[in-house]
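[1] Fold the following and give me the result.
(2 chains)
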Amino acid sequence: MTNHRVSYTLDSTLETVDSAERTATRIASETGFDDDEVMRIAMAVREAAVNAVLHGNAYDPGKKVVLAFERIGQDLVITIRDQGKGMDLNKIPDPLAPENLLKTSGRGIFLIRSFMDEVQIHPSQAGTEIKLIKHVHGPSGGGKEASQ
Amino acid sequence: MSMKANSRQVDGVTIVDCSGRITLGEGSVILKDAVRELLSKGQKKILLNLGDVSYIDSSGIGELVSAFTTVRNQGGDLKLLNLTKKVHDLLQITKLYTVFDVKDDEATAVKSFK
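    Below you'll find the model as predicted:
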């Protein structure tokens, strides 16, 4: 992927989740990441798409998910934006807390943070935008959060 | 590849051979239905063979947890067999590796059920 931006406007459906994952796999591969990193990036995108479709847009057919990929310098920057009420950052649980280990949900954001180098979450009344950043060269993994 | 779950009996233990992807939607539903059906038939010693599971997302992880707690709550036990590296790593980072009883040999796993 050269230094340009590709963007997709997608329906709030389960097919969008699968499509987002497939597209992320293709673009991450084209960017030159190895198979393990491609899997991590694709999974992070899938989880972000799940959040956008289910929790953000709540399957509302009138609301869209925008997925964008951009190469900025040495970073692959992936943005997923929904049109929901805006994620409440205070309600994101710690899935590693003993009391949450056996919960059946609440691991999506944790996995995203685990698999990407930087994660920025920007909730607003117009929806939530989550930005996933993976360094093409340099340190990988570690899941460090840049800002929110 | 869609998710498949086929069960067989070995010495009183039901082994569910899973393959494909356990993800939000069909994959998670198939796993849930398979475990529910076994419990309805009184089969409470369940060994999930995940050797051919290529991918699990957070929904699939949640379904594994749900299956585990549901079986335990009914007095049974659910264990995992033959994790791929991807699934193993996922259970490690989510700290669920210590929750599940994970086996890598079928005969040993079957014997471990009381």
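
[2] what number of residues lie near residue 84?
    Here I'm looking at chain A. For A:Gly84, the count of nearby residues is 23 (other Cβ atoms under 10 Å in any protein chain shown). From N, CA and C alone the C-beta is placed, and that goes for glycine too.

[3] Hmm, no, I was thinking of chain B.
    Around B:Thr84 there are 15 residues (other Cβ under 10 Å).

[4] Look up how far B:Asn49 lies from it.
    11 Å (Cβ to Cβ, to the nearest Å).

[5] centroid residue for chain B?
    For chain B, the residue nearest the mean C-alpha position is B:Leu48 (3.2 Å; Cα atoms, centre = their mean).

[6] Please, which helix or strand holds that one?
    strand B:45-56 (DSSP states H and E).

[7] try A:Leu96
    Applying DSSP H and E, one finds A:Leu96 in no helix or strand.

[8] Nearest residue to it in space, please, no chain neighbours.
    B:Lys95 (5.2 Å; Cβ to Cβ, 6 or more residues apart in numbering or on different chains).

[9] Next: A:Asn51.
    A:Gly108 (5.6 Å).

[10] Neighbours of that neighbour, how many?
    26.

[11] Where do the helices of chain A begin and end?
    For chain A, applying DSSP state H gives helices covering A:14-31, A:35-50, A:108-115.

[12] Next, format the ones you listed as CSV and append distance to A:Gly62 and mean pLDDT.
    Putting those into CSV (distance: least, Cβ to Cβ, whole Å; pLDDT from 0 to 100) gives the following:
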stretch, distance to A:Gly62, mean pLDDT
helix A:14-31, 14, 96
helix A:35-50, 18, 96
helix A:108-115, 24, 96
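
[13] next helix or strand past the host helix or strand of B:Ile15?
    In the assignment (DSSP H and E), B:Ile15 maps to strand B:13-22. As assigned by DSSP H and E, the chain's next helix or strand after strand B:13-22 is helix B:26-40.

[14] so where is chain B shaky, pLDDT-wise?
    The model of chain B has pLDDT under 70 over residues B:1.

[15] about what we covered before: which residues does the residue nearest to the centre of chain B contact?
    B:16, B:18, B:64, B:67, B:78-81 (Cβ atoms under 8 Å, 6 or more residues apart in numbering or on different chains).

[16] gap between the two ends of stretch A:27-42?
    Across stretch A:27-42, the straight-line distance between its terminal residues is 9 Å, by Cα to Cα, to the nearest Å.

[17] Can you mark which positions in that stretch are buried?
    A:27-29, A:31, A:33, A:37-42 (16 or more other Cβ atoms under 10 Å in any protein chain shown).

[18] Of the residues you listed, which are in range of chain B?
    A:Met39 (Cβ under 8 Å from any Cβ of the partner chain).
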